[in-house]
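K.L.:
whatever this is, show me its structure:
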Amino acid sequence: MSADNPVNVLYVDDEVHNLNAFKASFRLRFNIFTAESAIEGRKVLEQESIHVILCDQRMPGMTGIEFLESVIPDYPDPIRILLTGYEDITAVVDAINRGEVYKYIQKPWGDDNLRINIEKAFEIYSLRKENKELIESLLIVNKQLQFLLRQNLL
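P.N.:
This is a model prediction of the structure:
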């Protein structure tokens, strides 16, 4: 989370004032991308390398859970956070089970709380990426070792 390794955050919400408030609060700390609909959100994902996705639950056309679930096959790596102004236990369960959501945060959010959760989400993103790279390296080394062992046995 430094100037040479910025966090790219996408926030999808149909309420423009929420998008503007989010951008105003966090633009100096993160690279902020906003979208007023799930369709716009998908376009951003196609064009940018996003690390953390925040999404409002109640939007016209597609709920936040539906959007987050729909992007998993094409964009499995970003960490997903669901924001909502409504308490709905069904939405919480669906978010966890279907949308593979890291956090469920109530609106209105507290800036410090949301910032901390975005930073923690990015840490998880970074650790998962590092783990993938380590596993790939180990698989390569394993193949090389198997080859060398076979050479010595012949």
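K.L.:
any idea how far Lys129 lies from Arg27?
P.N.:
24 Å (Cβ to Cβ, to the nearest Å). Heads up, the C-betas are built off the backbone N, CA and C, glycines and all.
K.L.:
try Tyr11
P.N.:
11 Å.
K.L.:
count the residues that sit near Val101.
P.N.:
Burial of Val101 is recorded as 23 neighbouring residues (other Cβ atoms under 10 Å).
K.L.:
and it, how far from Glu66?
P.N.:
According to Cβ to Cβ, Val101 and Glu66 sit 12 Å apart.
K.L.:
for Glu40, same thing?
P.N.:
Glu40 is 15 Å from Glu66, by Cβ to Cβ.
K.L.:
following the worst-scoring helix or strand of the chain on mean pLDDT, which helix or strand comes up?
P.N.:
In the chain, the helix or strand scored least confidently by mean pLDDT, DSSP states H and E is helix 89-97, which has a mean of 67. Going down the chain from helix 89-97, the next helix or strand is strand 101-106, by DSSP states H and E.
K.L.:
what angle do whichever helix or strand comes after that following strand and strand 101-106 make?
P.N.:
Tracing the chain past strand 101-106, the next element assigned as helix or strand by DSSP H and E is helix 111-153. Relative orientation of helix 111-153 versus strand 101-106 (axes from the mean of the first three to the mean of the last three Cα atoms, to 10 degrees): 180 degrees.
K.L.:
any stretches of this structure with poor pLDDT?
P.N.:
Residue ranges of the chain with pLDDT under 70: 1-5, 88-89, 91-95, 97-99, 153-154.
K.L.:
next, the buried residues of stretch 13-21.
P.N.:
Using 16 or more other Cβ atoms under 10 Å as the test for burial, stretch 13-21 gives Asp13, Asp14, Asn18, Leu19.
K.L.:
Leu28: how many residues sit nearby?
P.N.:
For Leu28, using other Cβ under 10 Å, the count is 7.
K.L.:
again, but for Trp109
P.N.:
The tally of other residues near Trp109 (other Cβ under 10 Å) stands at 19.
K.L.:
again with Gln57
P.N.:
So Gln57, with other Cβ under 10 Å, has 24 neighbours.
K.L.:
phi first, then psi, for it.
P.N.:
phi -70, psi -50 (degrees, to the nearest 10).
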